[in-house]
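S.K.: Predicted model, plus sequence, below.
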Amino acid sequence: MKDFILEDELLLVVNKKTRSYLEEVISDYVNGNYRSAIVVLYSVVVYDLIAKLRVLDEIYSDNIAKDILAKIKDEQEKYPNSPKWEKILFSEISDRTELLNPVESSKIQQLVDDRNFSAHPLYNNNFELINPHAENIRYHLRNMLEIIFQKEPLLSKKITSEFINSINNFYEKQGFNGFEEYLKIHFFNKFNNNVKKELFKVLWKFIFVLENIECNENRALNLQALISLTKGNEDLFFNIINEELSYYNNIGPDDYKCDFTDKDFSMGESRIVALIEFLCIYPKFFNLLNQSCKKNIEIMAERNINFFSLSYFLSSNLKEHVDKIQARHKDAYMDNTGWINTSFYNCISSEVFLKLYKIAKDRDVTNQFIRFVIGYFGKAVTWIAATEIYYEIISFIVEDFKKSQLLNLLRKMNENNQIYGNRELKKEMDDLKEISKKIIGKNFNPSEFKRLWK
């Protein structure tokens, strides 16, 4: 159990007013006014629970919170001098929300009992007022901090359904445009680590474990949410997976069917493909998977060159993996006699290329990857393939090329009639000339590549 340092724990209290009210509790505790500390702590608990319900009602339009507040208001109006509404508050929250589990509810009841002893003239056998001990105050204060004060309001409702409904509504209106920023502002920035852990666990199950109509329809959207949630929290989630390996490794095989050269796929169509996508961004989690899960990934990677290309975590390093992709690509469009199937040449998705390029940049190993991209484009066997590769890949990364890389690209283009004779690329050739002048400088001689610029 971690050390309980009161000053540090107070900084984690969600509601600022609650934090200020707790100063009175602490003052009474420090000065030995233990009965008063218990009474005020109870009052702060009631305040904080009401405040959480109001946040849920006013900001998140939560119907359960709205109904509980209405019941309390009705009870207060009917019986203005009765504290019965406080019991209603506790019971309604315990029964209808997820803020308090049975163990936590029992801890609140202990505080209620001690508050009643402290607030009413109850005497011991010597006709002295019953006085709680310092340990009682510290015990109750720690409990209330952990089970109430440090919890976000969203933990007090069905966080999963609220989150899923909200992101579905956003996606229907705007797609993925501004999706990550929306998640940060409306959810992640308001979540403490406990909420994040709970959401991570549920999303993991929806995306990688369950297979039903609802999960299949929402897998791609939930995957993007999980990727955004994990960003900046890798160590937190790495540790929770490591603490519960059996839960997170409960990922069965996948019978998703696809051709080896098929580019028409969605990360949401398969649990294992979605897992590959996640691990492509966060490869450190791969080492937490058991051999069965790893084997399922290997099987899916064997089925399709795009899934294989994304699974660089299966190789010792990215450089080695690029060599493997090149070999698999050659096998995909050329048989052992040298015969070329032109329709299979451009079989690696541009999305996959750009993701790998970003990963290569992050790991400072772009040189080998750029050589592969240049070769992939430079050997294009049809003008359609050449056009697609230039538009969808080369145009996005060419301005990052070094002088030698750009010259290599131009030579390859100048030697391939599917490129230099391609009327679809005329405008792009003009743009490329300007980029070449910028990168190569005054030594750039367009006439050296006369087939490109006649």
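M.R.: In hand now; what should we look at? Numbers count the residues shown, from 1 in each chain.

S.K.: Test my guess that residue 9 contacts residue 144.
M.R.: No: in this structure, residue 9 is not within contact of residue 144 by Cβ atoms under 8 Å, at 10.4 Å. Just so you know, the C-beta spots here come from the backbone N, C-alpha and C atoms, and that holds for glycine as well.

S.K.: Settle it for me: which of these two has more neighbours?
M.R.: Shown here are residue 9 and residue 144; by other Cβ atoms under 10 Å, residue 144 has more neighbours (24 against 17).

S.K.: any idea which element the more buried one lies in?
M.R.: In the assignment (DSSP states H and E), residue 144 maps to helix 134-144.

S.K.: what comes up buried for that helix?
M.R.: Within helix 134-144, the residues scored as buried using 16 or more other Cβ atoms under 10 Å are 136-137, 139-141, 143-144.

S.K.: and residue 215, how far is that from residue 343?
M.R.: Going from residue 215 to residue 343 by Cβ to Cβ, to the nearest Å gives 34 Å.

S.K.: Then residue 228?
M.R.: 37 Å.

S.K.: With residue 189 instead?
M.R.: Distance of residue 189 to residue 343, given as Cβ to Cβ: 48 Å.

S.K.: Looking at the two, which has the bigger crowd around it?
M.R.: The residue with more neighbours, out of residue 189 and residue 343, is residue 343; 13 against 8, by other Cβ under 10 Å.

S.K.: got the CA coordinates for stretch 4-16 in CSV?
M.R.: C-alpha atoms of stretch 4-16 as CSV (Å, rounded to 0.1, in the frame of the first residue of the first chain):
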residue,chain,number,x,y,z
PHE,A,4,-0.6,8.3,2.8
ILE,A,5,0.7,11.8,2.7
LEU,A,6,-2.3,14.1,3.4
GLU,A,7,-0.9,17.2,1.7
ASP,A,8,-0.3,15.2,-1.5
GLU,A,9,-3.8,13.5,-1.3
LEU,A,10,-5.5,16.8,-1.0
LEU,A,11,-4.1,18.0,-4.3
LEU,A,12,-5.9,15.1,-6.0
VAL,A,13,-9.3,16.3,-4.8
VAL,A,14,-11.4,17.0,-7.9
ASN,A,15,-13.7,19.7,-6.6
LYS,A,16,-11.9,22.9,-5.5
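
S.K.: For residue 447, which non-adjacent residue is closest in space?
M.R.: Of all residues not flanking residue 447 in the chain, residue 453 sits nearest, at 7.8 Å (Cβ to Cβ, 6 or more residues apart in numbering).

S.K.: so the one you found, which of the three states?
M.R.: Following DSSP: H, G, I helix; E, B strand; the rest coil, we place residue 453 in the coil state.

S.K.: where's it relative to residue 160, distance?
M.R.: 58 Å.

S.K.: ok, now how distant is residue 137 from residue 146?
M.R.: 15 Å.

S.K.: cool, and residue 314?
M.R.: Residue 314 sits 42 Å away from residue 146, going by Cβ to Cβ.

S.K.: Quick check, central residue of the chain?
M.R.: residue 229 (2.3 Å; Cα atoms, centre = their mean).

S.K.: I'd like to know which elements the host helix or strand of residue 76 is packed against.
M.R.: Using DSSP H and E, residue 76 sits in helix 63-78. When contacts are defined as 3 or more Cβ pairs under 8 Å, 6 or more residues apart in numbering; DSSP states H and E, helix 63-78 packs onto helix 34-58, helix 84-96.

S.K.: Of all those helices, which one comes closest to residue 368?
M.R.: Comparing these against residue 368 with Cβ to Cβ, the closest turns out to be helix 34-58 (52.0 Å).

S.K.: What residues of that closest one count as buried?
M.R.: Of the residues in helix 34-58, 34-45, 48-49, 52-53, 55-57 count as buried by neighbour count, 16+ other Cβ under 10 Å.

S.K.: sorry, back to before: what distance do you get for the residue nearest to the centre of the chain to residue 282?
M.R.: 11 Å.

S.K.: One more: residue 373?
M.R.: For residue 373, the distance to residue 282 - Cβ to Cβ - is 24 Å.

S.K.: of these two, who's got more company?
M.R.: A direct count of neighbours by other Cβ under 10 Å for residue 373 and residue 282 places residue 373 higher, at 25 against 16.

S.K.: give me the element the residue nearest to the centre of the chain is part of.
M.R.: Per DSSP H and E: helix 213-230 holds residue 229.
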